[in-house]
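# Structural data only, the sequence is not supplied:
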């Protein structure tokens, strides 16, 4: 009897200790990745991984695919065919990839790219990529349709930190809310970078994204965390493009010569999307060149809607940030061409503003990841709605006469919404979507777990 009593007491003590340990853990800042130091879980292997499709310049006629293997694989192939209902996929077309080596903290890897062209609009294609005597799953991707067909787009702000543990549920929520999405936009800072764990961070980003990069066309903007900061003989920072960015995505090669691997544009079903590089503009002196390039891209625009995507916002909702160069060199071009939406990230809060009484442009800053900053007083006075301490995803529904925008919290609540309506004379009217919209959220914490008062969460 005494043995049973002692055993029960020991079990209770262990349970209490476990509870105390869990409580202690909950008060500590979570690491940026779930990968322990020195772990090689995300090292490249013979099986293809990090598979991501992106739109071609004419997304109705093609798409690009990038993927990764270990260094044993050179010039693998992509196979594609029109999708059917039988496991007998029929006669496939093979395209040989170009291969680029990459050396990271996890060792050597090879990154591959194929540009698929000559496709039919609004057609579902089946495709897979090759590894070392292995293949990926067969993936399905539909090309863009006609300009008069409705289009659903997902848009995410910065993911950056804790992609697997916290961002994954935001991406899943977006997919569930918009299962018909064909295109997914990311506003930069997909990973944190710069800490010697970049390959593992990219591994977690792809793990968090699941099937999204293969089942929709992914179009990301580059963020400052996709660059590195180098210091030379002077204390002045110098930005250097990270090694992963040029090889991770198969993006259109039609950008500004001043930032040719990080700017691009494409047409997708009645909308022209133009992606800028705010970091290069602000820190590397390419703002004027990007503005001139943007002017040319938009001067020939025949699409009914125009959307610009970049990382750093023209109007910053975070205290102490002023992106003056962007407003001087690029914002006049945005205004001159009457861009409809400017989608941004970087400031880890939520804020939307227009300009005067005009319906467009509408400028949006949002965040998908768990790192959360605080709003400035100016943002509270000039933007509505604004928000702190909230992970969000955005759904855009576009047709020739309407552009509907919804920002939703990770639990599905409507946080912000409006609709742009095009009149017969080409003018636009904005209607706010207020039904079911929740109240703006503020951070209730005085500091982060690391003791930072300028942020709400790490």
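Everything's here; your move. Given the structure is predicted, the values throughout are model-derived calculations rather than measurements. Numbering: from 1, shown residues only.
# going forward, measure contacts and count neighbours with C-alpha atoms only.
Will do.
# I'd assumed residue 205 was in contact with residue 163.
Yes: under the criterion of CA atoms under 8 Å, residue 163 makes contact with residue 205 at 5.5 Å.
# what is in contact with those two at once?
In terms of CA atoms under 8 Å, 6 or more residues apart in numbering, residue 163 and residue 205 are both contacted by the residues residue 191.
# Which one's more surrounded, these two?
The neighbour count for residue 163 versus residue 205, taken as other CA atoms under 10 Å, is higher for residue 163 (30 against 23).
# Now the most centrally placed residue in the chain, what are its backbone angles?
Geometric centre of the chain, nearest residue: residue 186, 2.0 Å, by CA atoms, centre = their mean. The phi/psi pair for residue 186 (degrees, to the nearest 10) reads phi -120, psi 130.
# What distance do you get for it to residue 362?
Per CA to CA, to the nearest Å, residue 186 is found 17 Å from residue 362.
# can you check residue 55 too?
Separation of residue 55 from residue 362 (CA to CA): 24 Å.
# So between those two, which is more surrounded?
Higher neighbour count among residue 55 and residue 362: residue 55, with 30 against 19, using other CA under 10 Å.
# Let's verify residue 295: helix, strand, or coil?
Using DSSP: H, G, I helix; E, B strand; the rest coil, the structure places residue 295 in helix.
# cool, and residue 291?
Look at residue 291: counting by three-state DSSP, its state is helix.
# what about the nearest residue to it once chain neighbours are set aside, how many neighbours?
Residue nearest to residue 291 in three dimensions, not counting chain neighbours: residue 330, with 4.7 Å by CA to CA, 6 or more residues apart in numbering. Residue 330 sits with 23 neighbouring residues when counted by other CA under 10 Å.
# Contacts only, for residue 330.
Contacts for residue 330 (CA under 8 Å, 6+ apart) come out as 287-288, 290-291, 294.
# cool, and residue 149?
With contacts defined as CA under 8 Å, 6+ apart, residue 149 is in contact with 269-270, 399-400.
# tell me the SS of it?
Residue 149 - assigned by three-state DSSP - is coil.
# Pull the number of nearby residues for residue 444.
Using other CA under 10 Å: residue 444 sits among 9 other residues.
# any idea how far it is from residue 456?
Relative to residue 456, and taking CA to CA, residue 444 is found at 8 Å.
# Which stretches in the stretch 151-300 of the chain count as strands?
Under the criterion DSSP state E, counting those that start in this stretch, the stretch 151-300 of the chain contains strands at 151-156, 183-186, 217-220, 227-231, 237-241, 264-268, 271-275.
# and the angle for the first one with strand 271-275?
Taking axes from the mean of the first three to the mean of the last three CA atoms, to 10 degrees, strand 151-156 and strand 271-275 form an angle of 20 degrees between their directions.
# List the neighbouring strands of strand 151-156 plus their orientation.
Strand pairing for strand 151-156, determined by DSSP bridges: strand 183-186 (parallel), strand 392-398 (antiparallel).
# got those strands as CSV, with distance to residue 428 and mean pLDDT columns?
Formatted as CSV, those follow (distance: least, CA to CA, whole Å; pLDDT from 0 to 100):
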stretch, distance to residue 428, mean pLDDT
strand 183-186, 24, 98
strand 392-398, 14, 98
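# Tell me what the nearest residue to residue 219 once chain neighbours are set aside is bridged to.
Closest residue in space to residue 219, ignoring its immediate chain neighbours: residue 185 at 4.9 Å, by CA to CA, 6+ apart. Here residue 185 sits in beta bridges with residue 155, residue 219, going by DSSP bridges.
# And for residue 393?
residue 408.
# pretty sure it contacts residue 170?
Yes: between residue 393 and residue 170 there is a contact at 6.6 Å, judged by CA under 8 Å.
# list the residues that contact both of the two?
Common neighbours of residue 393 and residue 170, using CA under 8 Å, 6+ apart, are 368, 410.
# okay, now the residue nearest to residue 219: neighbour count?
21.
# so what's it up against?
Here residue 185 is in contact with 153-156, 218-221 (criterion: CA under 8 Å, 6+ apart).
# Find the nearest non-adjacent residue to residue 288, please.
Nearest one to residue 288, counting by CA to CA, 6+ apart, is residue 329 at 5.4 Å.
# Helix or strand with the lowest mean pLDDT in the protein?
Ranked by mean pLDDT, DSSP states H and E, the weakest helix or strand in the chain is helix 2-26, scoring a mean of 43.
# Just the pLDDT at residue 222, thanks.
Turning to residue 222, the model gives it a pLDDT of 98.
# Phi, psi for it please.
Torsion angles, degrees, to the nearest 10, at residue 222: phi -90, psi 140.
# repeat for residue 325
Taking degrees, to the nearest 10, you get phi -60, psi -40 for the backbone angles of residue 325.
# Next one: residue 307 from residue 346, what distance?
18 Å.
# higher neighbour count, those two?
Neighbours were counted for residue 307 and for residue 346 using other CA under 10 Å; residue 346 has more, 27 against 19.
# Who are the contact partners of the more buried one?
Per CA under 8 Å, 6+ apart, neighbours of residue 346: 157-158, 187-189, 223, 311-313, 365, 367.
# ok, now which ones touch residue 60?
119-122, 143-146, 268-269 are the contacts of residue 60 under CA under 8 Å, 6+ apart.
# Repeat the analysis, applying 6 Å as the threshold.
Counting by CA atoms under 6 Å, 6 or more residues apart in numbering, residue 60 makes contact with 121, 143-145.
# again with residue 446
Going by CA under 6 Å, 6+ apart, residue 446 touches no other residue.
# Do a quick rundown of the helices in this protein.
Secondary structure of the chain (DSSP state H): helices located at 2-26, 168-177, 198-209, 212-215, 245-248, 278-283, 287-299, 324-329, 331-336, 377-382.
# possible to save the ones you listed as TSV with distance to residue 115?
What follows is the helices of the chain, written out as TSV (distance: least, CA to CA, whole Å):
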stretch	distance to residue 115
helix 2-26	46
helix 168-177	25
helix 198-209	20
helix 212-215	14
helix 245-248	13
helix 278-283	26
helix 287-299	22
helix 324-329	32
helix 331-336	30
helix 377-382	42
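# Indicate which one of the ones you listed is closest to residue 43.
When the helices of the chain are compared by CA to CA, helix 198-209 sits nearest residue 43, at 7.8 Å.
# Now do the closest one and helix 168-177, the angle between them.
Between helix 198-209 and helix 168-177, the angle comes out at 30 degrees (the same axes, to 10 degrees).
# now helix 198-209, how far from the chain's geometric center?
Between the centre of helix 198-209 and the centre of its chain there are 13 Å (CA atoms, centre = their mean, to the nearest Å).
# And the average pLDDT for it is what?
Across helix 198-209, pLDDT averages out at 97.
# And for that helix, what's in contact with it?
Helix 198-209 has contacts (CA under 6 Å, 6+ apart) with 42, 50, 163-164, 168.
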